[in-house]
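*Asks:* my questions are about this predicted structure, shown below with the sequence.
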Amino acid sequence: MMGYVLAVAGMRDGKNVTYLPAYGAEVRGGTANCTVAIADEEIASPVASSPEFVVVMNKPSLSRFQNVIQSGGGLFINSSMVDTRPVRGDIEIFEVPANDLAKDLGNGRLTNMIMLGAFVRKTGMASLGTTEQAVQEIFEEKGKSIVKQNKRALKAGYDYMG
Amino acid sequence: MMGYVLAVAGMRDGKNVTYLPAYGAEVRGGTANCTVAIADEEIASPVASSPEFVVVMNKPSLSRFQNVIQSGGGLFINSSMVDTRPVRGDIEIFEVPANDLAKDLGNGRLTNMIMLGAFVRKTGMASLGTTEQAVQEIFEEKGKSIVKQNKRALKAGYDYMG
Amino acid sequence: MKKVFSRPKSLKNNPFHYCPGCGHSILHRIIGEVIDEMGLQEIAIGVPPAGCAVLAYNYFDIDMGEAPHGRGAAVATGLKRALPNRLVFTYQGDGDIAAIGTAETIHAANRGENITAIFVNNAVYGMTGGQMAPTTLPGQKTTTSPGGRTEVAHGHPMNLSEMLALASGSVYIVRTAVSSTSNILKTKKAVAKAFQVQLSGMGFSLVEVLSPCGTNWKMIPTEACHWIEESMVKCYPLGVIKDITGGRKSAD
Amino acid sequence: MKKVFSRPKSLKNNPFHYCPGCGHSILHRIIGEVIDEMGLQEIAIGVPPAGCAVLAYNYFDIDMGEAPHGRGAAVATGLKRALPNRLVFTYQGDGDIAAIGTAETIHAANRGENITAIFVNNAVYGMTGGQMAPTTLPGQKTTTSPGGRTEVAHGHPMNLSEMLALASGSVYIVRTAVSSTSNILKTKKAVAKAFQVQLSGMGFSLVEVLSPCGTNWKMIPTEACHWIEESMVKCYPLGVIKDITGGRKSAD
Amino acid sequence: MRGNHVIGEAAIRAGCHFYAGYPITPQNELTEYMAARLSEVKDGVFIQAESELAAINMVMGASMAGTRAMTSSSGPGISLKQESISFLSAMELPAVIVNISRGGPGLGNIAPSQSDYFQATRGGGHGDYRNIVLAPNSVQELADLTMRAFDLADKYRTPVLILGDGMLGQMMEPVEFLDPKKPGKPVSKEWTLTGANGRPSRIIRSLLLDPTVEEEHNWKLVRKYERIIHKETLVEDFLLGDSTMAVIAFGTAARITKGAILRAREQNIKVGMIRPITLWPFPSKAIQEISKIIKHFLVFELNTGQMIDDVRLSLEGRGEVHFYGRPGGIIPTPLEVSRVIASQYYQKRLG
Amino acid sequence: MRGNHVIGEAAIRAGCHFYAGYPITPQNELTEYMAARLSEVKDGVFIQAESELAAINMVMGASMAGTRAMTSSSGPGISLKQESISFLSAMELPAVIVNISRGGPGLGNIAPSQSDYFQATRGGGHGDYRNIVLAPNSVQELADLTMRAFDLADKYRTPVLILGDGMLGQMMEPVEFLDPKKPGKPVSKEWTLTGANGRPSRIIRSLLLDPTVEEEHNWKLVRKYERIIHKETLVEDFLLGDSTMAVIAFGTAARITKGAILRAREQNIKVGMIRPITLWPFPSKAIQEISKIIKHFLVFELNTGQMIDDVRLSLEGRGEVHFYGRPGGIIPTPLEVSRVIASQYYQKRLG
Amino acid sequence: MTKKSGTIEINQELCKGCLFCVEACPKGLIISASKLNAKGYYPTAFREKGIRRELRECTGCCACAISCPEIAIEVYRG
Amino acid sequence: MTKKSGTIEINQELCKGCLFCVEACPKGLIISASKLNAKGYYPTAFREKGIRRELRECTGCCACAISCPEIAIEVYRG
Ligand SMILES: Cc1ncc(C[n+]2csc(CCOP(=O)(O)OP(=O)(O)O)c2C)c(N)n1
Ligand SMILES: Cc1ncc(C[n+]2csc(CCOP(=O)(O)OP(=O)(O)O)c2C)c(N)n1
Ligand code: SF4
Ligand code: SF4
Ligand code: SF4
Ligand code: SF4
Ligand code: SF4
Ligand code: SF4
Ligand SMILES: [Mg+2]
Ligand SMILES: [Mg+2]
């Protein structure tokens, strides 16, 4: 969801965007991940050799993805779930206690939006406004309260990084 | 059946033999035919470009096969069923009223063996003896009376050509 | 004197290629008569099978589209869904419908596809030369059960029609025979009713027809008809198996 | 104090990958217990399906061979005919056994193949993300019946087990659930009996298990179990469908 | 939009009124999209079939009726459709068949792969036939080629395959749906089965018992295939102008290659790409043409080497062909591919 | 004996204890033979399956149990088996699959044809795999190659296809059954499923969710295929010694070609034949070798041109390749083929 | 004249000699002919062929035609 | 002592929080814990954990274990 919202936000910003989920759909469990490319020009390959930014929500993902980040890039860690830290010194690390923040908001499932809020604040890949608009679009059909909750979570993550 | 018996007889004579039926098995009706090659050497191709001898049991077969016979070869015609004759003058023609002979024997289905009897007599491709032996082998499991009837028919055809 | 019986006009003028006394020939004529009498020649589309009747389109003077072996119900489903106001029927042998086509047939019935299946049960694979079919009777000799079908080695004769009657989408399922004049007339009525069911949009209908195959049963045609009436009907009782056209559920 | 309940030894020591409250997990354990109790670990061969339980071989500590989607009955037939004195069972979802595998299953039953099928009916294609299955209930929403299954558009829920009961080669067909402690215990008895039927060489046996899939039903696990007991059982009544182990024919 | 959804939407805009399918990852979103969308279309028919076999045969029936019809699946399901694809080809029935392929053989996995190339281009079914195979490499192309697929299927009365993979099916990119090409002359379907109302009855069949008739039919198909080769071959060139080496890749692999080439060019490696868009007909002519200038080719596929046969058949010795393959669902990064390009380039002293 | 019966007898002598099949012309005599013969064999199992799909999956089960197992069919039925052939290849299960092929595509006809060449050699199923394909051209070879098929299947744990046609299936010639090769070392089957009695439990599967594992498996198969190419390629030369032209043909076409060459030689035409006995692995090396001397090749197939791809891939331009094809079940006579040879020969001024 | 009278015509070239009509005719009016037709079958013949209307037993009941697989029989009544 | 007494051990790392055991226990002895396990689920806990045998209500009836999909519960009795 996080990547999807970001991709939609990127599109609304008039950029070229590719969103590439990796699927665990056919089998339960396993690490889920997705790649979002946002650029002004045509995107040659939606597969990222070395992404600028990586967001990891749990431990297995950290060990799988920590080494691909571009030197000078950024790593967002859900610090509620991940207790280790990468040894690399050439990237910036942002810690977000997403589960704890979500609990505070009274809904454990909002961790994604919290991370996204933190992400857009720090990277500027999309503005808070367009991201909120994307949330609105995507969650609309699930009902108003869902939209509201997600926006709140987005804001909470955004503010946390403030 | 006729070709099969001939093939078996050829094998019993120690020759190289190929027997190649064309099948109408999957759909009822149509002209049935088969090719038997008997030779002292290895048989390169079981498909005959121009056979030495052809036996035709009915009219459609006559029109289909009359032109492939080698010059100087022989054509056996079931004259009970076929009233036309080929125009070629370079082949020998043998007429056998197989259905009429069969009726005389009291079993309309023996036309094949009658033709075969006539065939081996005129061509010498196999002796009457080995052919009778082949009939014995093949019809054995269908019972003694069948064997007997078929041998009688073979003899009748053989004698007719006498 | 008036001509009171002749070739139906929805059959082409070709002589049948079937063996002497083959049930397919009789059934072709019956279907032709029903199409004539119900005035369906212009809206009927037939789906012939792989089987002795594969050339059925040489005889029926209606639109016909071949299905791969066993897939008649699926092809007919596609045709009927695309053209809901045509009459679409399959014509399938027992090998076709009850062996390889089991799944397609059951699911078409279960979905209540508004098509009619004519299921010609001659207890044998006719076209391929007389192999055992799922419908072959116990003890019956075929080229793949040379010692006679046994339940232990080859399984039990399969009652597909009874299974189809359990599918809630099936509406009219009946078993008839073409073994005698009276059975032929009953078969004709059954075909007409099945077509009527389809025309009124009620759902899946099927006519199973016990049909002689003297060639593969190694019998002369009249013997073959007697065998149907003496032996086959014991395993496959004639009559209506399911008829909920009156709203009444009378499943097996 | 004595340990009175723990992991069966014919299960490997791997935690299940299934969703919380998934019926597959419960059923795996039950089968493991039966194998333990009947001492079958050394002769049991399982045939897992394509479906959420495709990785069943990661859990069962017995020989297991994968079948292509729906073909469990055919693969099991090959195994059992080659090794008549082993216990061979398939483990199949409703999509696997009642959709793509319809023909293989019905014919295995009809031939009376001496195998056991465990048929896990969760009214949905679990693994592929919750599409409609032939077993989906009327009104049930799935990803391919977003407005709820309707009989007109999507057909009727299919009662495969009842159809299989009509096949003369089937001996024991029963429907249970894993929706409560008592139903779980009944399921265990049913599995044990089905295996016993096979060991005595009587023919085809099948246990249909109604099984919760909270994930695709969009329910929490306990709700899912309640839904089985309130809604699913109306369409799929629990109990013995056929049992001729006593010589008595009690088909549907 | 997501790739799988785009195929569905493009199909519907191209006039597809009939879809029959069966769930399999990674194409499920397409089936699901059709379930929802076709219910809104007048006379739209969606059937979730009991199997892939049933699905393709339903499509066969709908196609006989003259309806634009589609089915989709992934590897194992496509294998099950082979008999009927052979029938469709023999009976000259239009149909669009989508393969969002995955890792194989067997159950394999659900990761993107290109290992169904042979199956698609060589006719996995029995008999002498070929199918048009379109290989999109972006979501936009999924839209465009899906629409084109229906036109080609009707024009040539032949099944058309769209060979995608899990990555394309899952990927989201912005997309624009072109208005379906104004059908210059609408393809008249005077062969369809609609009931013999006011015209002689018709037959659609593939049984041709007389070998001379079947042979004539075979050669008739060959003549049709030659027309297709002549008229419908599609290929994209990418930065070939000054290149001394060309990568040949299709679909997702080509997409990755683009990224790789851009990277390689940063290092002054003069490399370009040839991307077959139609896998059959294969752009042999184009490759032959290019081989007059470029002599070094690197075939990159997400399999163990299948399209390479077509490349070698195109070249017949007129160039050196190397292969890089990553089967099984591995998606290499542009970086990795650019390294393969570089190593090839320097080894051959092209730089 | 009749060809179809010979296959059955050879299989049984090679230790085949399990046969599952479904009727289809022109292979029915084989199914019927197995029905009768296997009932006499201790532990012999014959099943007439409900479909070709069921048959091959029964064979899969028997193979898992370690039994030598076979199925047979013709074109349409073989198409239906493609998914499972892919599975057998992935799971590395031995099996012998006989295709007594007929005219296609679609229902086609029941006359002899070679139009399933691509399907057999390119893997009609999904995923990266290859199967050994044996192409006998006489009844004696049907016997010998059937026995060999079982040995190869076990040795390499792979499905082996026997590609015959209606003519070979129906033909009768004298035959001698060699005693099954003394199995030097009996292939131990330590992977079979027989119950975990006194050993750890075993798994046979093709699902490899992790792409790195699937990729490794794909390359493992490739290595196996390379071993097979290296060791098991079979080819027959016929009168090549003084030839300036070679016909390349397999199976029935090769048989006809022999007759044609003997005729052509009567006219002093210096022509010989290369006959691939294994279609996969294809005897590319042998053809390359010969191309050092002979530069003119005539590929003759009973189809519209399939093996010709493999010939061109073998030569890569090192010879001129012409094609003569008769699809649809036509069986040309040696005379006809000799005329084609002669015309080629004189046109190219080879004589 | 109250008694309905009938007659039939058998197309002996279509007939395959299955004898269904012989069994079907309640009056036993159909018999097997003794000479082969072009297809090689012994066709049947109508015993009342050419017989004066008043003397015919045939009722035109169609039983023969209904049972004939080859549509070789046409029936006239009146 | 006639009353059978039991106790259970819940493996909180295996537990996926489905709450079947909570529903199953006739004595209501199982409750949801408030902290996530490593897999991200809220596991359950046995209310009588560590409580003296005499004071326990648990009968060792196994209802909880029988209903547990994860085989996360072991039961002791005696
Ligand atoms: C896929 C496939 N498998 C097998 C065949 C061969 N085949 C043709 S017809 C037929 C079945 C014939 O039996 P049935 O359906 O009972 O029809 P009948 O000939 O008895 O009327 C078979 C197996 C085929 N054409 N296609
Ligand atoms: C030939 C083929 N078609 C489709 C699939 C995709 N597929 C995998 S599992 C499955 C069915 C899942 O449903 P079910 O059998 O009910 O099992 P569940 O996951 O619900 O337990 C399908 C369609 C496949 N693997 N192979
Ligand atoms: S084989 Fe049987 S079914 Fe086929 S045409 Fe002859 S009698 Fe009829
Ligand atoms: S999706 Fe459903 S069936 Fe599959 S593991 Fe989850 S709960 Fe179980
Ligand atoms: S119409 Fe009736 S009475 Fe006349 S011949 Fe026919 S069956 Fe006999
Ligand atoms: S029923 Fe018809 S085909 Fe049969 S014998 Fe009488 S006329 Fe001839
Ligand atoms: S064993 Fe029985 S009483 Fe004890 S916790 Fe479990 S369910 Fe409750
Ligand atoms: S039943 Fe098992 S998995 Fe479910 S909550 Fe209880 S202990 Fe946890
Ligand atoms: Mg039949
Ligand atoms: Mg399910």
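*Replies:* Great, that's in hand. Predicted model, so just to flag it, every value in this text is computed and none were measured. Residues are numbered from 1 along each chain as shown, chains lettered A, B, ... in the order given. Ligands and ions are numbered 1, 2, ... in the order given.
*Asks:* residue G:26: what's it in contact with?
*Replies:* When contacts are counted by CB atoms under 8 Å, 6 or more residues apart in numbering or on different chains, residue G:26 touches G:61, G:63. Glycine gets a C-beta too; all of them are placed from N, C-alpha and C.
*Asks:* checking my notes, it in a helix, right?
*Replies:* No: using DSSP: H, G, I helix; E, B strand; the rest coil, the secondary structure at residue G:26 is coil, not a helix.
*Asks:* grab the nearest non-local neighbour of residue E:255.
*Replies:* By the measure of CB to CB, 6 or more residues apart in numbering or on different chains, the closest residue to residue E:255 outside its immediate chain neighbours is residue E:137, 4.8 Å from it.
*Asks:* wait, a strand at the one you found?
*Replies:* No: Residue E:137 sits outside any strand when classified using three-state DSSP, being coil.
*Asks:* dump the residue contacts of it.
*Replies:* Here residue E:137 is in contact with E:168, E:250-252, E:254-255, E:275, E:277 (CB under 8 Å, 6+ apart).
*Asks:* ok, residue G:33 touching residue G:45?
*Replies:* Yes: Residue G:33 is within contact range of residue G:45, at 4.4 Å (criterion: CB atoms under 8 Å).
*Asks:* mutual contacts of those two, please.
*Replies:* Joint contacts of residue G:33 and residue G:45 (CB under 8 Å, 6+ apart) are residue G:12.
*Asks:* any idea which element residue A:101 lies in?
*Replies:* For residue A:101, the host element (DSSP states H and E) is helix A:98-105.
*Asks:* returning to that earlier point: ok, the residue nearest to residue E:255 to ligand 10 distance?
*Replies:* 35 Å (CB to the ion, to the nearest Å).
*Asks:* and the helix ranked longest in chain A with chain D, contact?
*Replies:* The single longest helix within chain A, with elements called by DSSP state H, is helix A:144-160. No: Helix A:144-160 lies out of reach of chain D by CB under 8 Å from any CB of the partner chain, never closer than 13.8 Å.
*Asks:* what comes up buried for that helix?
*Replies:* A:147, A:149-158, A:160 (16 or more other CB atoms under 10 Å in any protein chain shown).
*Asks:* and those residues, which is closest to residue E:147?
*Replies:* residue A:147 (34.5 Å; CB to CB).
*Asks:* the residue nearest to the closest one when sequence neighbours are not counted: helix or strand, and which one exactly?
*Replies:* When the adjacent residues along the chain are set aside, residue A:147 lies closest to residue A:139, with 4.6 Å between them (CB to CB, 6+ apart). Per DSSP H and E, residue A:139 falls inside helix A:128-139.
*Asks:* quick check: angle from that helix to helix A:144-160?
*Replies:* Per axes from the mean of the first three to the mean of the last three CA atoms, to 10 degrees, the angle that helix A:128-139 makes with helix A:144-160 is 150 degrees.
*Asks:* list of residues touching helix A:128-139?
*Replies:* A:1, A:4-6, A:8-9, A:12-13, A:113, A:116-117, A:120-121, A:126, A:146-147, A:150-151, A:154-155, A:158.
*Asks:* could you give the number of residues near residue E:195?
*Replies:* 22 (other CB atoms under 10 Å in any protein chain shown).
*Asks:* please name the residues that touch the nearest residue to it once chain neighbours are set aside.
*Replies:* The shortest distance from residue E:195 to any residue other than its chain neighbours is 4.2 Å, reached at residue C:43 (CB to CB, 6+ apart). Contacts for residue C:43 (CB under 8 Å, 6+ apart) come out as C:85-87, E:195, E:197.
*Asks:* redo the residues you listed as JSON lines? Include pLDDT and distance to ligand 6.
*Replies:* Below are the contacts of residue C:43 laid out as JSON lines (pLDDT from 0 to 100; distance: CB to the nearest ligand atom, whole Å):
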{"residue": "C:85", "pLDDT": "97", "distance to ligand 6": "37"}
{"residue": "C:86", "pLDDT": "98", "distance to ligand 6": "33"}
{"residue": "C:87", "pLDDT": "98", "distance to ligand 6": "29"}
{"residue": "E:195", "pLDDT": "96", "distance to ligand 6": "31"}
{"residue": "E:197", "pLDDT": "93", "distance to ligand 6": "33"}
